[in-house]
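Undergrad: Below is the structure, and that's it, no one-letter string:
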């Protein structure tokens with residue numbers, strides 16, 4: 001999947017999906033961390049957890065530093081759907097195991113986070129087992145400011 005400038009839906013066969021906008025990818029690339037959570041069976045969100053992420057070739061990727069045993073990863077892997085939060089945006093997303101760009105993802109982690117032991121951990125063979133491509137499923141749920149209450153849709157999902 002590649003992003004479109006408008007982030008509109010694309011259709012391939014019977015599957016319709018959203019794409020990241022250029023603005024979203026730029027914001028994600030600048031953000032030092034995102035919060036991620038898997039979706040429960042009832043559609044609500046598990047607890048958001050801070051993770052490191054990178055943007056490579058127009059796609060968002062993340063990994064579990066603890067490999068497949070990481071708690072947030074287990075929650076995401078159950079349904080491969082969930083949420084990503086950065087800045088004032090929450091996006092409903094799908095997660096896909098995707099090791100096809102591991103070398104580029106490793107390089108991006110080192111550029112973004114430096115060459116220290118945390119970067120070596122997130123690029124380890126254990127962490128690479130959890131390389132996830134993150135694709136948006138719905139338009140973003142934006143909060144206007146930190147004090148504003150979430151709307152009904154966000155409350156239904158478990159935010160607020």
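TA: Cool, the structure landed. Computed from a prediction, not measured in an experiment: that's the story for all the values here. Numbers count the residues shown, from 1 in each chain.
Undergrad: Please point out which parts of the lengthiest helix in the chain sit buried.
TA: Secondary structure of the chain per DSSP state H: the longest helix is helix 102-113. Neighbour-count burial for helix 102-113 flags 105-106, 108-110, 112-113 (criterion: 16 or more other Cβ atoms under 10 Å). C-beta: built from backbone N, CA, C; applies to glycine.
Undergrad: Can you name the residues in contact with stretch 53-61?
TA: 1-3, 20, 25, 28-29, 31, 33-34, 62, 84, 98, 101, 104-105, 108-109, 112, 131-135 (Cβ atoms under 8 Å, 6 or more residues apart in numbering).
Undergrad: Check which element follows the longest helix of the chain along the chain.
TA: Tracing the chain C-terminally past helix 102-113 and defining elements by DSSP states H and E, one meets helix 117-122 next.
Undergrad: Tell me which residues of that following helix come out buried.
TA: 119, 121-122.
Undergrad: now, which of the residues you listed sits nearest residue 42?
TA: Distances from residue 42 to these, taken as Cβ to Cβ, are shortest for residue 122 (31.2 Å).
Undergrad: what residues are up against the closest one?
TA: Residue 122 touches 52, 63, 65, 109, 113, counting by Cβ under 8 Å, 6+ apart.
Undergrad: could you say what helices and strands the longest strand along the chain packs with?
TA: Scanning the chain for the strand with the most residues, using DSSP state E, yields strand 89-97. Judged by 3 or more Cβ pairs under 8 Å, 6 or more residues apart in numbering; DSSP states H and E, the packing partners of strand 89-97 are helix 22-30, strand 81-86, strand 132-136, strand 141-142.
Undergrad: about what we covered before: mind putting the buried residues of helix 117-122 into JSON lines with distance to residue 78 and pLDDT?
TA: Below are the buried residues of helix 117-122 laid out as JSON lines (distance: Cβ to Cβ, whole Å; pLDDT from 0 to 100):
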{"residue": "119", "distance to residue 78": "28", "pLDDT": "96"}
{"residue": "121", "distance to residue 78": "24", "pLDDT": "97"}
{"residue": "122", "distance to residue 78": "22", "pLDDT": "97"}
